[in-house]
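Enquirer: Sequence unavailable; structure follows:
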């Protein structure tokens, strides 16, 4: 029987104790995602919720264990009150952590499936073990979904191997609960020690190891916010780590309970970390990158930026509205159904959305495209069509633009083409390049305004301040309109921010607005633009390392520092 089909009693429900890993949402297991999608109630602390909530189904009840105020019971169950928030999830105040076991069991009543998510692995969480015992005593069925333990995952992301070919022992110590006997045992060992502690207690933990017999010159690495884009690692020795952190002006951990991981031992030496630090050496590690597009438009671009270590921040610069006079669009859709067109060409995801909405208004679906050739200007538009149930007949093999589409578009042939007309649903501000090119190829074109683009509302004040104050490391401009609209709604990016443009026309508009263009895509593609920015970041990092300077983000540069131009 599959774990997701375990019998759930009408009285006790079922609890899944789930390991959410050390912080990177990508480290969730497939089994964890499966459990989350079937959960009725999700119980977790705030930071764990940020990792797991995205995989929960719409309408799941969410209980935050960090909130200490008690809540009213659901009538007839004694369970916490679960009130709807923002239409997509529900949340309720929860008792203190010490009452979490009671909270989990009460949430499971009435046959509900509860996911109790904890940081790292539930098998290494003392509180989770207590909650499991409480469930067992109360007859509440439960299962355990292991996760990546912080003590293992964080060193891997920091480039610190815990074992080598000699197979040294590895000891794990939680400094917050370790006894004198525990420190003595790891002190006399020459194996690797992984210490879970807090940033302001690292020096004390190092002192305990030295007092227990470890040499002061034993190498030590300390990693905070491990596996996230806030990760930072320092390398020193047991005797110098406190001074190293002091010189780096490291403040006590703001991570609110997420452990700092320290690795001690000869086999975790700094020389190895220099070669194995793959995560913090990503080309855009920690960069805050402004993407002036909607979340829907920016989804794949943001994923690509994350793969380079960046933290994308989407800010819509345009809003889409219906055309002022819908009659033209209505006539074109009716003509599509009655066989007026040989081709329909989509030049944007918004055009697909506009036609799809008009279809739904008339009770039509993808079957209405039968017998009509469909063209898409690029991969993202093609994906939107496929999601609609339509596989495009033509997508540019080269440049993903109107010009690229025209290069592959066949000329009108009266022998093979019974109809000579093309339906072109577009924005009200679209250029005439595609229309002129199709006419030159012998086609008649119905150029129809499917939607209007208007300037979006300004982003929140904190985002505007970050844009103008240098809080962003880079901004990606994918069109001239994104330049004009971003400056119009949020102000001009600070001169330390790296400006990346998709092509010469966009770069010219940026320069007209007083911006220095640092990066230009080798071809007009948003993914090539992201690649070009990553290449820029890689070269910038290599230059700092070669010069013996610390690797910093553009937003960390000194005021007035000169910015180099690049057209990678």
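Expert: Great, that's in hand. These numbers were taken from a predicted model, which means no experiment stands behind them.

Enquirer: what's the distance between the residue nearest to residue 480 when sequence neighbours are not counted and residue 21?
Expert: Nearest residue to residue 480, sequence neighbours excluded (C-beta to C-beta, 6 or more residues apart in numbering): residue 509, at 3.9 Å. No exception for glycine: its C-beta is placed from N, CA and C like everyone else's. From residue 509 across to residue 21, the span is 43 Å (C-beta to C-beta, to the nearest Å).

Enquirer: neighbour-wise, which of these two wins?
Expert: residue 21 (26 against 20; other C-beta atoms under 10 Å).

Enquirer: Just give the nearest non-adjacent residue to the more buried one, would you?
Expert: Closest residue in space to residue 21, ignoring its immediate chain neighbours: residue 27 at 3.8 Å, by C-beta to C-beta, 6+ apart.

Enquirer: before we move on, which element is residue 507 in?
Expert: Using DSSP states H and E, residue 507 sits within helix 504-512.

Enquirer: can you give me the offset of that helix from its chain's centre?
Expert: Remark: helix 504-512 is offset 29 Å from the chain centroid, using C-alpha atoms, centre = their mean, to the nearest Å.

Enquirer: Then stretch 310-318?
Expert: That offset, for stretch 310-318, works out to 12 Å (C-alpha atoms, centre = their mean).

Enquirer: So what would you say the end-to-end distance of that stretch is?
Expert: Criterion C-alpha to C-alpha, to the nearest Å; first-to-last residue distance in stretch 310-318 is 24 Å.

Enquirer: before we move on, back to that, show the contacting residues for the residue nearest to residue 21.
Expert: Counting by C-beta atoms under 8 Å, 6 or more residues apart in numbering, residue 27 touches 21, 147-148, 153, 227.

Enquirer: These into a markdown table, with extra columns for distance to residue 190?
Expert: Listed next are these as a markdown table, based on distance: C-beta to C-beta, whole Å:
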| residue | distance to residue 190 |
| --- | --- |
| 21 | 30 |
| 147 | 30 |
| 148 | 27 |
| 153 | 24 |
| 227 | 28 |
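
Enquirer: So which of those residues wins on neighbours?
Expert: residue 147 (29 neighbours).

Enquirer: That one - nearest residue in space that isn't next to it in sequence?
Expert: In space, residue 147 is closest to residue 19, 1.9 Å off (C-beta to C-beta, 6+ apart).

Enquirer: if I look at that neighbour, how far off is residue 129?
Expert: Taken as C-beta to C-beta, the span from residue 19 to residue 129 is 13 Å.

Enquirer: in a strand, that's where residue 172 is, yeah?
Expert: Yes: under DSSP: H, G, I helix; E, B strand; the rest coil, residue 172 falls within a strand.

Enquirer: count of neighbours near it?
Expert: 15.

Enquirer: these two touch, right, it and residue 192?
Expert: No: applying C-beta atoms under 8 Å as the test, residue 172 and residue 192 come out as separate, 9.6 Å apart.

Enquirer: In the protein, where is pLDDT below threshold?
Expert: 1-11, 67-98, 165-167, 251-258, 267-271, 295-297, 557-568 (pLDDT under 70).

Enquirer: isn't residue 19 right next to residue 150, touching?
Expert: No: using C-beta under 8 Å as the test, residue 19 is too far from residue 150 to be in contact (10.0 Å).

Enquirer: related to what we said a few turns ago, distance check, the residue nearest to residue 21 against residue 207.
Expert: Distance from residue 27 to residue 207, by C-beta to C-beta: 32 Å.

Enquirer: follow-up on the earlier one: give the contact list for the residue nearest to residue 480.
Expert: 477, 480, 483-484.

Enquirer: Equivalent analysis for residue 148, please.
Expert: By C-beta under 8 Å, 6+ apart, the contact list for residue 148 reads 19, 21-22, 27, 120-121.

Enquirer: My read is that residue 35 contacts residue 15, right?
Expert: No: taking C-beta under 8 Å as the definition, residue 35 is not a contact partner of residue 15, at 10.4 Å.

Enquirer: Are there residues contacting both of these two? Which ones?
Expert: residue 115.

Enquirer: list the buried ones in stretch 41-55?
Expert: Within stretch 41-55, the residues that qualify as buried are 41-45, 47-49, 51-53, 55, counting by 16 or more other C-beta atoms under 10 Å.

Enquirer: what's the answer for stretch 151-167, then?
Expert: So stretch 151-167, judged by 16+ other C-beta under 10 Å, has buried residues 151-162.

Enquirer: cool, and stretch 456-476?
Expert: 456, 459, 463-464, 466-467, 470-476.

Enquirer: neighbouring contacts of it?
Expert: By C-beta under 8 Å, 6+ apart, stretch 456-476 touches 284, 287-292, 301, 310, 313, 315-319, 485-486, 489-500, 502, 519, 526, 529-530, 533, 553-555.

Enquirer: next one: stretch 549-559
Expert: 286-288, 470-474, 496-498, 541, 544-545.

Enquirer: in the stretch 401-550 of the chain, which spans are strands?
Expert: 421-427, 444-455, 474-477, 498-501, 519-520 (DSSP state E, counting those that start in this stretch).

Enquirer: circling back: so residue 19 and residue 129 - more neighbours on which side?
Expert: Legend: neighbour count by other C-beta under 10 Å for residue 19 and residue 129, higher for residue 19 (28 against 13).

Enquirer: list the contacts for that one?
Expert: 29, 32, 117-118, 120-123, 145-149 are the contacts of residue 19 under C-beta under 8 Å, 6+ apart.

Enquirer: are any of the residues you listed buried, and which?
Expert: 29, 32, 117-118, 120-122, 145-149.

Enquirer: related to what we said a few turns ago, filter the contacts of residue 19 down to just the ones in helices.
Expert: Among the contacts of residue 19, DSSP state H puts residue 32 in helices.

Enquirer: Let me know the closest of the contacts of residue 19 to residue 133.
Expert: Minimum separation from residue 133 among those (C-beta to C-beta) is found for residue 122, which lies at 12.4 Å.

Enquirer: what residues does the helix ranked longest in the chain touch?
Expert: Longest helix in the chain by number of residues, with DSSP H as the criterion: helix 526-547. The contact list for helix 526-547, computed with C-beta under 8 Å, 6+ apart, reads 281, 283-284, 287, 289, 300-301, 304-305, 308, 380, 474, 476, 478, 498, 500-502, 518-522, 550-552, 566, 568.

Enquirer: Of those, grab the buried ones for ChimeraX.
Expert: Buried residues within the contacts of helix 526-547, by 16+ other C-beta under 10 Å, are selected in ChimeraX with:
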select :281,283,284,287,289,301,304,305,308,380,474,476,478,498,500,501,502,518,519,520,521,551,566,568
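
Enquirer: Against residue 148, how distant is the residue nearest to residue 21?
Expert: For residue 27, the distance to residue 148 - C-beta to C-beta - is 5 Å.

Enquirer: Would you confirm that residue 191 contacts residue 164?
Expert: No: taking contacts as C-beta under 8 Å, residue 191 lies outside contact range of residue 164: 11.0 Å.

Enquirer: For residue 39, which non-adjacent residue is spatially closest?
Expert: Using C-beta to C-beta, 6+ apart, the closest residue to residue 39 is residue 115 (4.2 Å).

Enquirer: Roughly how far does that neighbour sit from residue 62?
Expert: For residue 115 relative to residue 62 (C-beta to C-beta), the value is 10 Å.

Enquirer: And residue 398, by the same measure?
Expert: On the measure of C-beta to C-beta, residue 398 and residue 62 end up 47 Å apart.

Enquirer: Over to residue 199?
Expert: From residue 199 to residue 62 the distance is 29 Å (C-beta to C-beta).

Enquirer: Could you check stretch 392-399 and say which residues are buried?
Expert: 392, 394-396, 399.

Enquirer: Going by distance to residue 218, which of those wins?
Expert: Among those, and counting by C-beta to C-beta, the member closest to residue 218 is residue 399, at 57.1 Å.

Enquirer: From residue 20, how far off is that closest one?
Expert: Taken as C-beta to C-beta, the span from residue 399 to residue 20 is 43 Å.
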